[in-house]
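Enquirer: got a predicted structure plus its sequence, pasted below:
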Amino acid sequence: MKKLGALLVLLVLLLAGWILIRTFNVKPWPKHKARSLTALPDSAISHLSMAIRIPTVSPQDPSRIDSGVFLQYRSFLQSGYPLIHQRLSREIVTDFSYVYTWKGTDSTLAPLILMAHYDVVPVEPSAAKLWTAQPFGGEIRRDTVWGRGAVDDKCSMISIMEAVEALLRQHYTPRRTVLLCFGHNEESTGQGAIAIVKLLQQKGVHAEMVVDEGGEITYERLPDIHRPVALIGIGEKGYATFELLVEKTGGHSSRPDKETAIDILSRALYKLQNEKTPRRILPPTREFLARISGSSEDFFQKMALNNLWLFEGYVLYKMGEDKDGRAMTGTTIVPTILESGVRENVIPSQARALVNSRILPGESIKEVEEFIRKSIGDERVKIRIAGDFSTEPSAMTDYHSDAFKKVADAAAAVADDIIPTPFIMLGATDSRNFRAISNGVVNFCPTTDGKGYHGIDERLPVRDLQRAIQFYTLLING
Ligand SMILES: [Zn+2]
């Protein structure tokens, strides 16, 4: 018996030693120097500023689009980028989305697609006064361009246009055909991008890679990692909104029933909040953790991240403590709209909530609906898919693929010491539709910790614009 005990102790010690050695041996991702950035074309900053000044706001109802504004944006593109409009062919899709084709010299190569959207979300009148600069002023202050769309996503569009126009000035022709695809309603229905994909499918296009907005370089979001991390999007969570509806005869508020529609709905929401969706570390997240762990200064964290076979439960628990970690490792469900009642002395006969869900790859909208139904466990709450838009989680691009590697290399060429990592995106972008015509969809633009998108004081440092232009130039050259 004693022998067995000693053997066990020995085994535990050996295991602990092995884990410690493994942890000490974890090397940080190699450091590197970026290439020196090429000078910014004279026009780039003023073009971004002009683009912001044209308020291409996506209305919730796409039929209410302000065509005048979108036509003005078209004129701006035509006059700002004359060579592109002379040398590339342009197709107009669903009124204001565009496909520009830049024919390469080698027609046997599958094309490269660079994409962006140029519609923006509105600025609420109450929020406009909180802005430091005019939301649609395109002001340039302290080497930063201010305004709605500066980050999301006119930065990408203008950078792509600047890169191509500059290459045309140098009489450059790409080997691989380059398609520039710009959607005009990404912030609402995304119909422009859907129509672009249909058009490309009719032409039999299968792209080598597709690069769209989504990932960026962060210096701030991972405070324990003292290195910039390039979050390169390789897949998207799904999106669905569910309506929870309770109908129950109301009446005079002086004689309430034991339970009202509001009571039933509140309880349902409370139960839903307390049921936890299953959480897991998917392979790209595992890779992300492995790549950043070498640069963690917290020894225990480094040990846990490099020995997930033992510490996975602990890592999941720690990641569950903050909202980014929770969003990365599980499906989220949150109430976003609550409606009931018309008068203070009338018990309403209806209470309704909308809950919005972001679904982890590997799960489905149907499963989330089932989870909600089970968690609430009350048939009086009618549950159905609602909202303007829903999409299953996307497929994921292999992070060993050429597409991922090319983006990682171009990112490393424009920023010192980055750790490029795969990343599952929490939001949905136009590029999900492009998975029908490419296995190499990657979401990334080398902006750094984008500020204020969909919020207040959206702004882009000029240096990010410079990096982005060089990034796209490298992709076209590659
Ligand atoms: Zn966007």
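Expert: Received it, and whenever you're ready, just let me know what you need.
Enquirer: show residues contacting stretch 115-122.
Expert: 51, 55-59, 73, 148-149, 152-154, 156-157, 160, 180-188, 192-193, 210-213, 430-431, 434, 454 (CB atoms under 8 Å, 6 or more residues apart in numbering). Placement of C-beta: from N, CA and C, glycine included.
Enquirer: the residues you listed in helices, which ones?
Expert: Among the contacts of stretch 115-122, DSSP state H puts 51, 73, 154, 156-157, 160, 192-193 in helices.
Enquirer: got the contact list for stretch 358-367?
Expert: By CB under 8 Å, 6+ apart, the surrounding residues in contact with stretch 358-367 are 235, 237-240, 280, 282, 327, 329-332, 357, 368, 385, 390, 392-396, 424, 426-427.
Enquirer: follow-up on the earlier one: and the contacts of stretch 115-122, which of them are buried?
Expert: Among the contacts of stretch 115-122, those classed as buried by 16 or more other CB atoms under 10 Å are 51, 55-58, 73, 148-149, 152-154, 156-157, 160, 180-188, 192-193, 210-213, 430-431, 434.
Enquirer: and the ion, which of the contacts of stretch 358-367 reach it?
Expert: Among the contacts of stretch 358-367, no residue lies close to the ion (CB under 5 Å from the ion).
Enquirer: which of the contacts of stretch 115-122 fall in strands?
Expert: 180-183, 210-212 (DSSP state E).
Enquirer: among the ones in helices among the contacts of stretch 115-122, which one lies nearest to the ion?
Expert: Nearest to the ion among the ones in helices among the contacts of stretch 115-122 is Ser156, at 8.4 Å by CB to the ion.
Enquirer: pretty sure the closest one sits against Phe471.
Expert: No: counting by CB atoms under 8 Å, Ser156 sits too far from Phe471 to count as a contact (9.7 Å).
Enquirer: shared neighbours of those two, anything?
Expert: Counting by CB under 8 Å, 6+ apart, the common neighbours of Ser156 and Phe471 are Cys445.
Enquirer: going along the chain, name the strands of the stretch 301-450 of the chain.
Expert: 332-340, 346-347, 350-359, 382-391, 419-425, 441-443 (DSSP state E, counting those that start in this stretch).
Enquirer: should've said the stretch 51-200 of the chain
Expert: Per DSSP E, counting those that start in this stretch, the stretch 51-200 of the chain carries strands over the ranges 89-93, 97-102, 112-117, 140-141, 144-146, 178-183.
Enquirer: which outside residues touch the shortest one?
Expert: This points to strand 140-141. Contacts to strand 140-141, defined as CB under 8 Å, 6+ apart, come from residues 45, 49, 133, 146, 462.
Enquirer: most neighbours of all those, which one?
Expert: Trp146 (25 neighbours; other CB atoms under 10 Å).
Enquirer: residue contacts, it?
Expert: Contacts of Trp146 by CB under 8 Å, 6+ apart are 52, 132-134, 137-140, 457-459.
Enquirer: from the ion, how far off is Lys451?
Expert: Plainly put, Lys451 is 14 Å away from the ion if you go by CB to the ion, to the nearest Å.
Enquirer: contacting residues for the nearest residue to Arg326 once chain neighbours are set aside?
Expert: Spatial nearest neighbour of Arg326, chain neighbours left out: Gly320 (5.5 Å); criterion: CB to CB, 6 or more residues apart in numbering. Contacts of Gly320 were listed using CB under 8 Å, 6+ apart, and they are 279, 326, 329.
Enquirer: now swap in Ala195 and tell me
Expert: Applying CB under 8 Å, 6+ apart, we find Ala195 in contact with 93-94, 97.
Enquirer: of those, just say which sits nearest to the ion.
Expert: Nearest member of the contacts of Ala195 to the ion, counting by CB to the ion, is Ser97, at 14.1 Å.
Enquirer: give me the neighbour count for the closest one.
Expert: Ser97 has 27 nearby residues by other CB under 10 Å.
Enquirer: isn't it right up against Phe182?
Expert: Yes: Ser97 lies in contact with Phe182 (CB under 8 Å); the separation is 6.3 Å.
Enquirer: for Leu37, give its distance to Phe471.
Expert: According to CB to CB, to the nearest Å, Leu37 and Phe471 sit 10 Å apart.
Enquirer: now the residue most central in space within the chain: closest residue in space that isn't a chain neighbour?
Expert: The geometric centre of the chain, computed from its C-alpha atoms, lies nearest to Gly214 (CA atoms, centre = their mean), at 3.7 Å. Once flanking residues are discounted, Gly214 sits nearest to Asn443: 2.6 Å by CB to CB, 6+ apart.
Enquirer: and that neighbour, how many neighbours does it have?
Expert: When neighbours are counted by other CB under 10 Å, Asn443 registers 26.
Enquirer: so what's it up against?
Expert: 211-215, 232-234, 236, 425, 429, 431.
Enquirer: now those in a markdown table, with pLDDT?
Expert: Formatted as a markdown table, those follow (pLDDT from 0 to 100):
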| residue | pLDDT |
| --- | --- |
| Val211 | 98 |
| Asp212 | 97 |
| Glu213 | 96 |
| Gly214 | 94 |
| Gly215 | 95 |
| Ile232 | 97 |
| Gly233 | 97 |
| Ile234 | 97 |
| Glu236 | 96 |
| Met425 | 94 |
| Thr429 | 89 |
| Ser431 | 94 |
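Enquirer: as CSV, these with distance to Val121 would be great.
Expert: Shown next, in CSV, are these (distance: CB to CB, whole Å):
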residue, distance to Val121
Val211, 22
Asp212, 17
Glu213, 13
Gly214, 16
Gly215, 19
Ile232, 24
Gly233, 19
Ile234, 25
Glu236, 18
Met425, 17
Thr429, 14
Ser431, 18
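Enquirer: which single one of the residues you listed is nearest to Glu165?
Expert: Nearest to Glu165 out of the contacts of Asn443 is Val211 (CB to CB; 17.9 Å).
Enquirer: now for the closest one: which residues touch it?
Expert: Counting by CB under 8 Å, 6+ apart, the residues that Val211 touches are 112-115, 407, 442-444, 472, 475.
Enquirer: other SSEs contacting the biggest helix by length in the chain?
Expert: If you go by DSSP H, the chain has its longest helix at helix 2-24. Helices and strands touching helix 2-24, by 3 or more CB pairs under 8 Å, 6 or more residues apart in numbering; DSSP states H and E, are helix 299-306.
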